[in-house]
Structures are given as C-alpha cells and as structure tokens.
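Colleague: structure here, sequence nowhere to be found:
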C-alpha cells in the first residue's frame, strides 16, 4: 500500500472511530485488546487478526467491510518524520533519550546481554492521579527479552559464505 493510500485509509479509520463516539480505551475494553494496540490498528501500524474482526466491527460499527479487510493486510509500518514536532511525541522521545542509557543498563543487569523486542510487545497507556491530585500518564512497555548470542560458526545453519 502506497504511503498516500495508507494516509487516506488512516483518515477514514479515525473518522469511523470518531463517529462511534468511543475512545481507544473503550474500544480496547470491547475487543479485549490493549488501548495502544487498538490505536496501532487505527493508524495501520498493526495487523487486525481475524479473531478480532467481529468484536471490532461491533465496537465500531462505522467500519466498513472494506476497511476491515484492509486492516487485516500486513501493514507497511512507517511514520511521518515530522511527527516528532508534536510536543507529546517529542517529549516521549526526550524521555527515552534521557532515560534510555539507564534503562538499557538495567535491562542488561537484570536480564543479561540482549535487547527488549518490539515484536511480541505490549503497550498500555493509563491516566492516574498523583499524590497532589494532578493527572499523570503511565506508559507501560512490556517487551520480550532477546539475548544476544555468541555466533559459533558450527551453529550457523546457512553455512559459510561462498566466494
């Protein structure tokens, strides 16, 4: 799907959501998915699985069969680089840039040499009250740990490179 076609589909999907009058969290509760994953579906950053089609259609009846079919296609995950100019997104980048090295060190201390995968990844966004009664945002990222491996030649099923 070309980027322009994706952008148009996303606009249509978000319009259907708006017409439903429901939030991503309300749609998530109706479908059994996380709110961040539901938002990913509407932004075409995730693939709608067949098992969730009926519950999503029921939660957002404004979604057409064509939209639901397109949501089931493997998405071209991408983003407009100018999105980082949005203050909320910029602050998320800022938080990761500021805390990233420390988060990495703690992951390595707790789990070993490896990374947190964004595949098999869960994300939820919640609002809570702080100790002074202020609204606070909690973003929970839950990713599978993938250890780095020692690359032993005998374990390489692809074999040695041919010249």
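Modeller: That came through, no problem. Treat the numbers as computed from the prediction; the structure is a model and nothing was measured.
Colleague: hey, where'd the strands end up in the chain?
Modeller: 114-116, 122-129, 135-142, 145-147 (DSSP state E).
Colleague: could you measure from residue 27 over to residue 45?
Modeller: The gap separating residue 27 from residue 45 is 15 Å, by Cβ to Cβ, to the nearest Å. For glycine as for every other residue, the C-beta is placed from the backbone atoms N, C-alpha and C.
Colleague: who's more crowded, these two?
Modeller: residue 27 (21 against 17; other Cβ atoms under 10 Å).
Colleague: mind listing what that one touches?
Modeller: 17, 20, 33, 35, 38, 56, 59, 60 (Cβ atoms under 8 Å, 6 or more residues apart in numbering).
Colleague: quick revisit: ranking the strands of the chain by burial, who's on top?
Modeller: Across the strands of the chain, averaging neighbours per residue (mean count of other Cβ atoms under 10 Å) puts strand 114-116 on top, at a mean of 15.
Colleague: report the buried residues of stretch 99-118.
Modeller: Within stretch 99-118, the residues scored as buried using 16 or more other Cβ atoms under 10 Å are residue 107.
Colleague: chain center to it, what's the gap?
Modeller: Chain-centre distance of stretch 99-118: 19 Å, with Cα atoms, centre = their mean, to the nearest Å.
Colleague: residue contacts, the residue nearest to residue 112 when sequence neighbours are not counted?
Modeller: Spatially, and ignoring its direct neighbours in sequence, residue 112 is nearest to residue 147 (5.7 Å; Cβ to Cβ, 6 or more residues apart in numbering). With contacts defined as Cβ under 8 Å, 6+ apart, residue 147 is in contact with 111, 112, 113, 114.
Colleague: beta partners for residue 147?
Modeller: residue 114 (DSSP bridges).
Colleague: any idea how far residue 120 is from it?
Modeller: Distance from residue 147 to residue 120, by Cβ to Cβ: 14 Å.
Colleague: give me the residues contacting the lengthiest helix in the chain.
Modeller: For the chain, the longest helix by residue count, based on DSSP state H, is helix 87-111. Residues outside helix 87-111 that contact it (Cβ under 8 Å, 6+ apart): 83, 84, 114, 115, 116, 139, 145, 147.
Colleague: swap the cut-off to 6 Å and go again
Modeller: Contacts to helix 87-111, defined as Cβ atoms under 6 Å, 6 or more residues apart in numbering, come from residues 83, 84, 145.
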